[in-house]
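Asker: Sharing a sequence plus its predicted fold:
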Amino acid sequence: MSNSSFSTLELDVIRWAEERGILASSDSKTQCLKSASEMGELCDAIAKGNKEDTIDAVGDVLVTLILLCAMEDIDLTSCLGVAYSVISKRKGVMQNGVFVKNTETRCEVKDIIKDNKTILQSLSSR
């Protein structure tokens, strides 16, 4: 694989999609679902420890996000810049391998189960 710049590859992906009628015949909702599907494949590859499939899946996710941005007429790199400007100011702690923002509330699994039982009971009494 060549060391093409991200912007060059992004344009190549958009041209590829235009040539195949993807941008003209699809919509952002469908493309968003495709992105979710590709994320599922990425999770599967990571869970199986398959590096080759992980690389392929990350690329597929990026392709779907590039096309989604093209459909919405927004710039993917700008989206990344906006996200970074937000996360760079976040404070928090690592908890079980996950960064937890200070503003996030923590709840216990037993509380979620209790709340779900209460909701189910109120629905069944109707």
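Answerer: Sure thing, it's come through. A quick note: this is a predicted structure, and the numbers were derived from the prediction, not measured.
Asker: got the residue ranges for the strands in the chain?
Answerer: Counting by DSSP state E, the chain has strands at residues 92-95, 98-101.
Asker: Tell me which of these sits nearest to D27.
Answerer: Nearest to D27 among those is strand 98-101; the distance by CB to CB comes to 32.5 Å. (Each C-beta comes from the backbone N, C-alpha and C, glycine too.)
Asker: okay if I get the strands of the chain as CSV plus mean pLDDT?
Answerer: Converted to CSV, the strands of the chain look like this (pLDDT from 0 to 100):
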stretch, mean pLDDT
strand 92-95, 87
strand 98-101, 85
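Asker: who wins for proximity to G21 among those strands?
Answerer: strand 98-101 (40.4 Å).
Asker: neighbouring strands for the closest one, and are they parallel or not?
Answerer: strand 92-95 (antiparallel) (DSSP bridges).
Asker: Kindly reformat the strands of the chain as a markdown table and extend each row with distance to D60.
Answerer: Output for the strands of the chain, formatted as a markdown table (distance: least, CB to CB, whole Å):
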| stretch | distance to D60 |
| --- | --- |
| strand 92-95 | 29 |
| strand 98-101 | 24 |
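Asker: For D53, which of these is the nearest?
Answerer: Closest to D53 of those, according to CB to CB: strand 98-101, at 23.5 Å.
Asker: For that closest one, buried residues please.
Answerer: Neighbour counts over strand 98-101 (16 or more other CB atoms under 10 Å) mark no residue as buried.
Asker: May I have it as PDB, with CA atoms only?
Answerer: C-alpha atoms of strand 98-101 as PDB (Å, rounded to 0.1, in the frame of the first residue of the first chain):
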ATOM      1  CA  VAL A  98     -12.500   2.600  30.000                       C
ATOM      2  CA  PHE A  99     -12.000   6.300  30.400                       C
ATOM      3  CA  VAL A 100     -14.900   7.700  32.500                       C
ATOM      4  CA  LYS A 101     -15.500  11.400  32.300                       C
END
